[in-house]
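In: sequence below, structure please.
(2 chains)
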Amino acid sequence: MTGADTSHQQWLVQIDAELDGELSLVERAALAKHLATCAHCAGARASHLEVRVALARSAGNPHAFVVPRPSIRAGTLALWVVLALAAGLLGGWFADRRWGGPGGGATLEESRGTIVVH
Amino acid sequence: MGLSSFTSVILALSALQGPGTRLTYRVRVIEPASVAPRILASGAVSGPLDSDMRLTLRTDTAEVEAFFQVAPTVGDTVSLTGEFYMRRLVGRSRRGLPLWEEDTYRRLVRLAWSDTARIYPFGTGKRGGPRALWVELILEREFAGGEARPEEAFDLVDSTRDFRLEAVVRPRRARVILNLVRGDTVSAPRPMDLTPGEPPRLVQLVLKGRATTLVVSLTRPDPARSARDRALALDADIVCLHVARPDVPLGTICGRLNNVARQLPLPTGDTLAATFAWPGWR
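Out: This next block holds a predicted model:
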């Protein structure tokens, strides 16, 4: 990797940090100065912004200032846990009735002796 | 029941229970094979018309004990009853011990004399397992000159198999030999032929010049407690001797007809020894 590439990678990291609001004023000024002279980095910044707009839209808030973080509510989580447990128990009970336990397989009458007259 | 059917039942009973008739259970144990069925064992049990048959088949994973009886029916047919007692290996416990399930059931068919009944002791094996072994049973009757002594014959072709065939006959009479015992002194033996259910009899035994009078009667034992013993009639040759003084009961001695002396302590300090045996054939 050349020195120019390394520098470019660092500017991409700076673009990400700027969009997340994590840069100081000095760093933002340096980045703006670089973007004015680097069309590639300016394009990358525009792409990053478009991705964030798409994420905000998919989260149902296209006018957000930052990308909303996904959140899992405790009630929803508990509901899914309960549903998974119930499905597991039901499947286990059905499998045990069908195939499980000693003596499974043939029905009792099939396993019993019979007498046939010829 | 109408008069005609009642008469026909009486006629059938008298024909079947008439003297000199011999019943034979002819048995073949057959295993299916790719070319032709293979006979694993064959045999026959014969005897008086009240003779029953006990058949035992054991494999590594199943045991079947079956008790067969015939009952008179109207016409040229006979009812065959099979009491089955079955144990199947169904798995192993968490400690590695075998788990068996037990099953008791009854099968009843009506067939003509000399018909062939095919018994599938492990089921018909419709699901393709190795259970399709069957037993062919043919019931025959013939007229014999005198008392028909029970007989059994069994030829085990494949000695790796565990099959057994037994004749089961309930004693009509029993030979009972009574002794009084005190210390090393024994009274003279008092043999008697007793019939279960007959009225009590008086018997006098003399020990050291002292006579002891007892009232004895023979009965059949109470029904067995376990389902297996009841189903297989394992108590068929057990009789019980009730012993009493003319005024007070003293006790009961039960045992098989196997010439083993069984003892009952008496209030006088003596011990009554009773030996049960099959009576001589008349």
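In: how about the strands in chain A?
Out: Assigned by DSSP state E, chain A shows strands spanning A:114-117.
In: for the residue sitting nearest the centre point of chain B, what are phi and psi?
Out: For chain B, residue B:168 is the residue whose C-alpha lies nearest the centre (C-alpha atoms, centre = their mean; 3.2 Å). Phi and psi for residue B:168, reported as degrees, to the nearest 10, are phi -120, psi 120.
In: nearest spatial neighbour of it, skipping sequence neighbours?
Out: residue B:52 (4.1 Å; C-beta to C-beta, 6 or more residues apart in numbering or on different chains). Just so you know, the C-beta spots here come from the backbone N, C-alpha and C atoms, and that holds for glycine as well.
In: ok, that neighbour touching residue B:232?
Out: No. Counting by C-beta atoms under 8 Å, residue B:52 sits too far from residue B:232 to count as a contact (9.7 Å).
In: most remote residue from the middle of chain B, which is it?
Out: residue B:209 (41.6 Å).
In: returning to that earlier point: give me every residue that touches the residue nearest to the centre of chain B.
Out: Applying C-beta atoms under 8 Å, 6 or more residues apart in numbering or on different chains to residue B:168 gives the contacts B:51-54, B:67, B:233, B:236.
In: residue A:55 and residue A:67 touch, don't they?
Out: Yes. Using C-beta under 8 Å, residue A:55 makes contact with residue A:67 at a distance of 4.8 Å.
In: ok, back up a step: just the contacts of residue B:168: which are in strands?
Out: Per DSSP E, the contacts of residue B:168 map to strands at B:52-54, B:67.
In: what about residue B:158, neighbour count?
Out: 12 (other C-beta atoms under 10 Å in any protein chain shown).
In: and the nearest residue to residue B:166 once chain neighbours are set aside, what does it touch?
Out: Distances taken as C-beta to C-beta, 6+ apart put residue B:54 closest to residue B:166, at 4.4 Å, once the chain neighbours are dropped. Counting by C-beta under 8 Å, 6+ apart, residue B:54 touches B:65-68, B:164-168, B:232-233.
In: just the buried subset of the residues you listed, please.
Out: B:65-68, B:165-168, B:232-233 (16 or more other C-beta atoms under 10 Å in any protein chain shown).
In: which one of the residues you listed is nearest chain A?
Out: The nearest member of the buried ones among the contacts of residue B:54 to chain A, counting by C-beta to the nearest C-beta, is residue B:66 at 7.0 Å.
In: show me the beta-bridge partners of the closest one.
Out: residue B:55, residue B:84 (DSSP bridges).
In: try residue B:210
Out: Applying DSSP bridges, one finds that residue B:210 bridges with residue B:207.
In: got a pLDDT number for it?
Out: Residue B:210 is assigned a predicted lDDT (pLDDT) of 90.
In: that one - how many residues pack around it?
Out: 12.
In: would you mind listing what in chain B touches chain A?
Out: Within chain B, the positions near chain A by C-beta under 8 Å from any C-beta of the partner chain are B:64, B:66, B:80, B:82, B:84, B:86, B:88, B:90-91, B:99, B:101, B:103, B:105, B:107, B:109-111, B:115-124, B:126-127, B:129, B:131.
In: buried ones among the residues you listed?
Out: Counted by 16+ other C-beta under 10 Å, the residues of chain B next to chain A give B:64, B:66, B:80, B:82, B:84, B:86, B:88, B:90, B:103, B:107, B:109, B:111, B:115, B:117, B:119-124, B:131 as buried.
In: my read: residue B:223 touches residue B:230, true?
Out: Yes. At 6.0 Å, residue B:223 counts as touching residue B:230 under the criterion of C-beta under 8 Å.
In: re the thing from before, just put the contacts of residue B:168 in a markdown table and tack on distance to residue B:153 and pLDDT.
Out: Formatted as a markdown table, those follow (distance: C-beta to C-beta, whole Å; pLDDT from 0 to 100):
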| residue | distance to residue B:153 | pLDDT |
| --- | --- | --- |
| B:51 | 14 | 91 |
| B:52 | 16 | 94 |
| B:53 | 12 | 95 |
| B:54 | 15 | 95 |
| B:67 | 19 | 96 |
| B:233 | 21 | 90 |
| B:236 | 20 | 91 |
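In: wait, which of these is closest to chain A?
Out: residue B:67 (12.1 Å).
In: and the closest one, what does it touch?
Out: So residue B:67 contacts B:52-55, B:82-83, B:85, B:168, B:231-233 (C-beta under 8 Å, 6+ apart).
In: again, 6 Å this time
Out: By C-beta atoms under 6 Å, 6 or more residues apart in numbering or on different chains, the contact set of residue B:67 is B:54, B:83, B:232-233.
In: kindly report the same for residue B:243.
Out: Counting by C-beta under 6 Å, 6+ apart, residue B:243 has contacts B:214, B:216, B:250-251, B:264.
In: if we use 7 Å, what do you get?
Out: Taking C-beta atoms under 7 Å, 6 or more residues apart in numbering or on different chains as the contact definition, residue B:243 lies against B:214, B:216, B:250-251, B:253, B:264, B:272.
In: got those residues as TSV, with distance to residue B:31 columns?
Out: Compiled in TSV, the contacts of residue B:243 are given as follows (distance: C-beta to C-beta, whole Å):
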residue	distance to residue B:31
B:214	56
B:216	51
B:250	55
B:251	51
B:253	46
B:264	50
B:272	52
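In: quick check on those: which are buried?
Out: B:214, B:216, B:250, B:253, B:264, B:272.
In: tell me the secondary structure at the residue in the stretch 151-282 of chain B that chain A sits nearest to.
Out: Per C-beta to the nearest C-beta, residue B:231 is where the stretch 151-282 of chain B lies closest to chain A, at 12.5 Å. Three-state call for residue B:231 (DSSP: H, G, I helix; E, B strand; the rest coil): helix.
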